[in-house]
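Quick one: sequence and predicted model below, then my questions.
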Amino acid sequence: MCGIVGIIGGGPVAGQIVEALKRLEYRGYDSAGIATLEDGRLERRRAQGKLRNLAERLEKEPLAGHIGIGHTRWATHGRPTENNAHPHASDKLAVVHNGIIENFRELREELRGKGHVFATETDTEVVAHLVTEEMRQGKGPQDAVAAALPRLRGAFALAFVFDGYPDLLIGARQGAPLAVGHGEGEMYVGSDALALAPFTSEITYLDDGDWVVLTRDGAVFHDANGSIVKRTRLRSQASAFLVDKGNHRHFMAKEIHEQPEVVGRTLAHYLDMSAGAVRLPFELPFDPAKLSRITITACGTAYYAGLVAKYWFERFARLPVEIDVASEFRYRDAPMPEGGLMIVVSQSGETADTLASLRYAKENGQHTLSVVNVPTSTIARECDVVAPTLAGPEIGVASTKAFTCQLSVLACLAIAFGHARGALSREAEAKLVSDLIAVPGLLAEAIKSTAATEKLAHTLSKARDVLYLGRGVSYPLALEGALKLKEISYIHAEGYAAGELKHGPIALIDEAMPVIVIAPSDPVLEKTVSNMQEVSARGGRIILVSDNNAMHEAAVNVEAHLVMPDMAPDFAPIVYAAPIQLIAYYTAVVMGKDVDQPRNLAKSVTVE
Ligand code: M6R
């Protein structure tokens, strides 16, 4: 949530800051701003709305400073107006902020009592005034920041520049990510390495509680106690990834079409294809045979990947799995069994609720494993073992390729655990592995349903509500389909376990509501067919996502059939994800929505 960047450059930095902000816009895009120092004095430009509005403003009113900070916002406190846009400033400094200052109300009252006047509705402004107050007491910028930081509660990352200090930038991190980039006579700070990739691949991540003093000569890191500490400098891979749309109109379309390749790459990382076995690319610091239970927690689409995995771990490894959304799990005070494993799933590796659940599990003696797409993320760094997804950067706010890569990794883990626990014979493992090897090719075929989906999108775009149904491993996919549609088209959609239809939602069925049924040829197809007949008998509009056999079995009139390739049913969610994503994508396109940056959302949710 919110992207921050800071540069101490060798020439004017505003252009570079805008370039970096473009790569951070996925974190929020309701307003943006920049502050630089011109002749030692702070100058700001801010604009409501997308980053392009700020870029246009800068064309008319350029900033020439050689040091500056920038921000792209996802509003938490205060409406997304220009006045609430960052950087926030005083006569002494400007600051950009990602996260939430939980105690901002009490700090604001205290500072008002000392004569400070607040101009915005944001929590961030208290940071500007708090550090300013310390400077008015006679402290220099560094001591003032050091004195202010311990007074802030919440999860945040900050970057400051100071009036009259053209060679000083200070960054701080508590619970939200921050990376320092090392250049030649230039220094950078940013929410992630991707933002800094055009300038440097030499990156140092701040640990939680750290703050850093940057000058043109380099970086000095301090821990939460103020002691100078060493932090490792890494070579980031981020620059290897081109953040562009290729020939596609949107990042989401590009990312959907990339899936055969990235799922293939991810599977190749985990499978020994010639031996027909799973070979985990890391040592497990626990014995899967001794696990008493798995707990899975995540948010949004990552949670639905975990829900599919529950079926796999139970079936392949005969392991009981508990699963909950992270925002509920973290506050449930859940008892955790001895010898249990917590699996957290997250594309960004920074989701606040997922991170808090991971920490809870560690405190409660669980082994911890994360399935993440960003190997340098906080979640990846804090868990016992990281199972990476090799999806590459996902820019579209709607998660697509990260989901199918998460499923691929979780399938491999379930098979590996099944093998280790003696729940899968060698033959059964080899069969599952050969089914998995077929998945990238099947995904490519499934993506060819594009033409039919585009046609369907025209009718769906007129619907007010849409119902998604699925059973077994297709049930989480029904939930995911509904989430995808609502987040980018704003059409109300619900996902249901098909068996739950007659317990309530069947009352909704009429000629107006499309019912999207996800029904591969699997052991529960017969049951799903009964549910389709119930919908059909009430004049419902069925859109069937299935193979030809299931279509034949269903023997009901359907409004549309998105034809899926024949496949072994266990891994159908990875392949059937493609038409589900395409339905949402084309519907949103037909409706003229902002597909990559839907309203009110952000890619990385680092606040709870
Ligand atoms: O980065 P994470 O995977 O932890 O993010 C979790 C959710 O915020 C994310 O999946 C969200 O639901 C997406 N917008 C779904 O498309």
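Noted; the coordinates are in hand.

Mind pulling the model confidence for Tyr29?
pLDDT for Tyr29: 86.

How is the chain partitioned into domains?
The chain breaks down into these domains under automatic domain parsing: 3-235, 251-437, 449-593.

Just send those back as a markdown table, with mean neighbour count too.
C-betas here are computed from N, CA, C, even on glycine. Shown next, in a markdown table, are the domains of the chain (neighbours: other CB atoms under 10 Å):
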| stretch | mean neighbour count |
| --- | --- |
| domain 3-235 | 20 |
| domain 251-437 | 21 |
| domain 449-593 | 21 |
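
Mind checking those for the one nearest to the ligand?
Distance to the ligand, taken as CB to the nearest ligand atom, is lowest for domain 251-437 among these, at 1.9 Å.

got the end-to-end distance for the closest one?
Distance across domain 251-437, first residue to last, is 26 Å (CA to CA, to the nearest Å).

returning to what we had before: just put the domains of the chain in a markdown table and tack on distance to the ligand.
Output for those, formatted as a markdown table (distance: least, CB to the nearest ligand atom, whole Å):
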| stretch | distance to the ligand |
| --- | --- |
| domain 3-235 | 10 |
| domain 251-437 | 2 |
| domain 449-593 | 6 |
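
Format those as TSV; extra columns: distance to Thr606.
Listed next are the domains of the chain as TSV, based on distance: least, CB to CB, whole Å:
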stretch	distance to Thr606
domain 3-235	5
domain 251-437	5
domain 449-593	18
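
and the end-to-end length of stretch 99-110?
With CA to CA as the measure, stretch 99-110 spans 21 Å from end to end.

err, stretch 178-190, not the other one
6 Å.

average model confidence for that stretch?
95.

swap in stretch 408-424?
Per-residue pLDDT over stretch 408-424 has a mean of 98.

what's the answer for stretch 515-524, then?
Averaging the model's pLDDT scores along stretch 515-524 yields 95.

Check the offset of stretch 247-264 from the chain's centre.
With CA atoms, centre = their mean, to the nearest Å as the basis, stretch 247-264 stands 16 Å off its chain's centre.

Name the helix or strand of the protein that has the lowest mean pLDDT.
Least confident helix or strand, the chain: helix 193-196 with a mean of 84, by mean pLDDT, DSSP states H and E.

what's in contact with that one?
Helix 193-196 has contacts (CB atoms under 8 Å, 6 or more residues apart in numbering) with 3, 5, 20-21, 23-24, 179, 181, 188, 190, 201, 203, 236, 238, 241, 243, 376, 393.

Mind checking which of the residues you listed are in helices?
Applying DSSP state H to the contacts of helix 193-196, the entries found in helices are 20-21, 23-24.

Touching, Val589 and Ala457? I think so.
Yes. The pair Val589 and Ala457 qualifies as a contact (CB atoms under 8 Å) at a distance of 7.1 Å.

which residues are contacting stretch 116-134?
76-79, 83-84, 86, 88-97, 100-101, 104, 107-108, 111-112, 114, 141, 143-145, 147-148, 151-152, 154, 158, 160.

Strands - which of these land there?
Counting by DSSP state E, the part of those found in strands is 88-89, 93-97, 100-101, 154, 158, 160.

pLDDT added to these, as a markdown table?
Converted to a markdown table, the ones in strands among the contacts of stretch 116-134 look like this (pLDDT from 0 to 100):
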| residue | pLDDT |
| --- | --- |
| His88 | 97 |
| Ala89 | 96 |
| Leu93 | 98 |
| Ala94 | 98 |
| Val95 | 98 |
| Val96 | 97 |
| His97 | 95 |
| Ile100 | 83 |
| Ile101 | 89 |
| Gly154 | 83 |
| Leu158 | 97 |
| Phe160 | 98 |
